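Peer 1: got a sequence here, can you build the structure:
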Amino acid sequence: QVQLTESGGGLVQPGGSLRLSCATSGFPSDVYTIAWFRQAPGKGREGVACISSRDDETFYRNPVKGRFTISRDNINHTVYLQMNSLKPEDTAVYYCNYIATITQIYWGQGTQVTVSS
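Peer 2: Model prediction:
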C-alpha cells in the first residue's frame, strides 16, 4: 500500500528556510515521479516541484526557481523540498504527490508552512 507522509513544516520569518520531507513506502515500481504541491488559503492546489527517479530530472514552478530544491534519498525512501529565501506568498499547506496510474493518485496529509514576521 502506497503511503506518503510529509513533515518539516512550521512558522518561519521572511527570508528564512525550511526543509520538508516526504517519507514514502509501498511504491509498486522503482521508476516514479514525486511532486510537491501547495495550497494557499482560498486558492487552488498548484504544483511546486517534481523529481523523476529515472534520471533525477527536476522541474520547478517559476516563482520558486532558484529558491527551492527538490531531492531524493533512495536509501531512506524520502523526498525532500529545501526551501530558502521564503516569502509570505509561500505560505500554504504543502503536499507530497505520487501518480502510479491515471486512476491511482496518492497524496500525503499535508504540512503547514507559514512565512510571517
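Peer 1: partners of the lengthiest strand in the chain, with directions?
Peer 2: In the chain, assigned by DSSP state E, the strand with the most residues is strand 92-101. Strand pairing for strand 92-101, using DSSP bridges, gives strand 33-39 (antiparallel), strand 104-107 (antiparallel), strand 111-115 (antiparallel).
Peer 1: now render those strands as a markdown table, adding mean pLDDT, distance to A23 and mean neighbour count.
Peer 2: Where you see a C-beta, it was placed from the backbone N, CA and C, and this is true even at glycine. Listed next are those as a markdown table, based on pLDDT from 0 to 100; distance: least, CB to CB, whole Å; neighbours: other CB atoms under 10 Å:
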| stretch | mean pLDDT | distance to A23 | mean neighbour count |
| --- | --- | --- | --- |
| strand 33-39 | 96 | 11 | 20 |
| strand 104-107 | 92 | 13 | 13 |
| strand 111-115 | 98 | 11 | 18 |
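Peer 1: show me the one of the ones you listed that comes nearest G26.
Peer 2: Among those, strand 104-107 comes nearest to G26, with 9.0 Å by CB to CB.
Peer 1: please enumerate residues in contact with that closest one?
Peer 2: Residues from elsewhere that reach strand 104-107, judged by CB atoms under 8 Å, 6 or more residues apart in numbering: 2-4, 95-100.
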